[in-house]
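In: sequence plus the predicted model coming up.
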Amino acid sequence: MKHCRMRPSVKRDEEGVASTVGTTMALLVFLTFMSLIVNQYVPVWMKDSESAHMNEVFGQFGNFKNNLDNQLLACQVARHAQRTCMKITTFTPITLGVDGVPLFASPTAGHLRMNPWDGNVSIDFKYQAGNFTQPVWKNSSGNIELRVLNKYFVQQRVIYENGGILVVQPDGQLVGVSPHFTIENMTQYMQISLSQITLDGSGGVSGVSTEGVRSTLKYLDDTVYRNITSDFNITIFTKYEASWFNYYNGTLFRLFDSPEILAISGTPTNYIRTVYYEVAYNIDQGYTRIRIYNNDDFPIEVVNLVTSSFDVEVGETTGRV
């Protein structure tokens with residue numbers, strides 16, 4: 001007689017199934033929450049942080065410009081009072097980048113660098129001194145540039161160059177803060193006033209920290225030229241030709257009360273000419289040129305020219321790159 005062996009019945013472990021389903025659901029909720037943070041919260045947070053940082057940097061570059069201008073003013077006042085110009089060193093903090101979000105977003109780094117050979121500006125004209133015509137040629141160079149590698153906000157560079165502050169990004173560039181440049185209408189003639197600022201130094205630093213820029217005035221010449229006998233020319237060799245072109249064209253257009261435009265030309269050399277001035281730039285050759293005409297009916301009589309030079313140190317010596 002054969003004995004039949006009964007197989008044990010398999011019972012469903014309902015508690016185990018429920019535990020597995022619960023774990024899966026919890027994992028899905030967690031992944032959804034993480035996806036929300038990574039794809040929604042972090043980009044918005046970082047974009048706002050990077051935008052706020054660029055606004056902060058623009059203000060810090062404004063403080064740097066203000067420190068240089070104050071040194072110039074103090075030295076000019078001392079000289080006019082026939083006193084010795086006491087040289088001082090100013091310190092301007094500049095924040096390089098933005099801290100990231102731990103585990104979710106890496107920091108946004110910036111690169112601050114002193115470029116002593118960039119932004120070369122030359123000014124030339126002639127004036128009558130007694131029986132002789134004297135040429136004047138003045139030159140300046142140097143800029144400080146902060147390039148921020150934004151990942152969420154638009155990548156930007158902020159530059160201090162020849163007394164102005166420029167903002168540059170992929171879709172355009174502009175002079176955000178003007179240099180010292182004015183033309184006064186003295187009824188029968190015009191008077192031009194402007195400053196040339198040379199930055200001499202080296203060094204650079206990268207990261208997200210706040211670094212210092214030290215500046216010391218080392219040279220100042222404040223001269224008034226009269227009886228101008230030629231046109232007044234400014235030539236700028238720069239990476240930011242369009243910025244300076246738009247600034248000088250807009251400024252001169254306002255100062256001369258919207259003069260009639262006589263000619264406009266496009267690439268490769270862009271220029272605008274009126275009866276009072278001509279402004280041109282060429283990206284291929286890297287220059288912006290400004291010519292103010294010395295017309296008989298509205299001559300240039302006086303030029304107030306301030307030329308100066310600063311020693312500039314970027315960051316600590318051990319942090320230079």
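Out: Sure, I can see it.

In: make it CA atoms for all contacts and neighbour counts henceforth
Out: OK.

In: for this structure, just list every one of the helices.
Out: Counting by DSSP state H, the chain has helices at residues 14-36, 42-80, 241-255.

In: how about L262, what does it touch?
Out: Counting by CA atoms under 8 Å, 6 or more residues apart in numbering, L262 touches 272-275.

In: worst mean pLDDT among the helices of the chain?
Out: When these are compared by mean pLDDT, helix 14-36 comes last with a mean of 66.

In: just the buried subset of the contacts of L262, please.
Out: 272-274 (16 or more other CA atoms under 10 Å).

In: thinking again about what came up before, highest mean neighbour count out of the helices of the chain?
Out: Mean neighbours per residue, mean count of other CA atoms under 10 Å, is largest over the helices of the chain for helix 241-255, with a mean of 19.

In: any residues touching that helix, and which ones?
Out: So helix 241-255 is contacted by 166, 173-175, 178, 183-184, 259, 272, 277, 279-283, 286-290 (CA under 8 Å, 6+ apart).

In: now, of these, which are buried?
Out: Buried members of the contacts of helix 241-255, scored by 16+ other CA under 10 Å, are 166, 173-175, 183, 272, 277, 279-283, 287-290.

In: restricted to strands, list those.
Out: In strands, defined here by DSSP state E, the members of the buried ones among the contacts of helix 241-255 are 166, 173-175, 183, 272, 277, 279-282, 287-290.

In: for this structure, what's the longest strand?
Out: Per DSSP E, the chain has its longest strand at strand 210-226.

In: dump the C-alpha coordinates for it into PDB.
Out: The C-alpha trace of strand 210-226 is given here as PDB (Å, rounded to 0.1, in the frame of the first residue of the first chain):
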ATOM      1  CA  THR A 210      35.700  87.400  -0.100                       C
ATOM      2  CA  GLU A 211      39.100  88.800  -1.100                       C
ATOM      3  CA  GLY A 212      40.600  92.300  -0.800                       C
ATOM      4  CA  VAL A 213      41.900  94.800  -3.400                       C
ATOM      5  CA  ARG A 214      44.400  97.300  -2.200                       C
ATOM      6  CA  SER A 215      45.100 100.500  -4.100                       C
ATOM      7  CA  THR A 216      47.600 103.300  -3.600                       C
ATOM      8  CA  LEU A 217      47.900 106.500  -5.600                       C
ATOM      9  CA  LYS A 218      51.400 106.900  -6.900                       C
ATOM     10  CA  TYR A 219      51.100 109.600  -9.600                       C
ATOM     11  CA  LEU A 220      48.800 112.500 -10.300                       C
ATOM     12  CA  ASP A 221      48.900 115.200 -12.900                       C
ATOM     13  CA  ASP A 222      46.200 117.800 -13.200                       C
ATOM     14  CA  THR A 223      46.700 120.100 -16.200                       C
ATOM     15  CA  VAL A 224      44.500 122.700 -17.900                       C
ATOM     16  CA  TYR A 225      45.300 123.200 -21.600                       C
ATOM     17  CA  ARG A 226      44.000 126.300 -23.500                       C
END
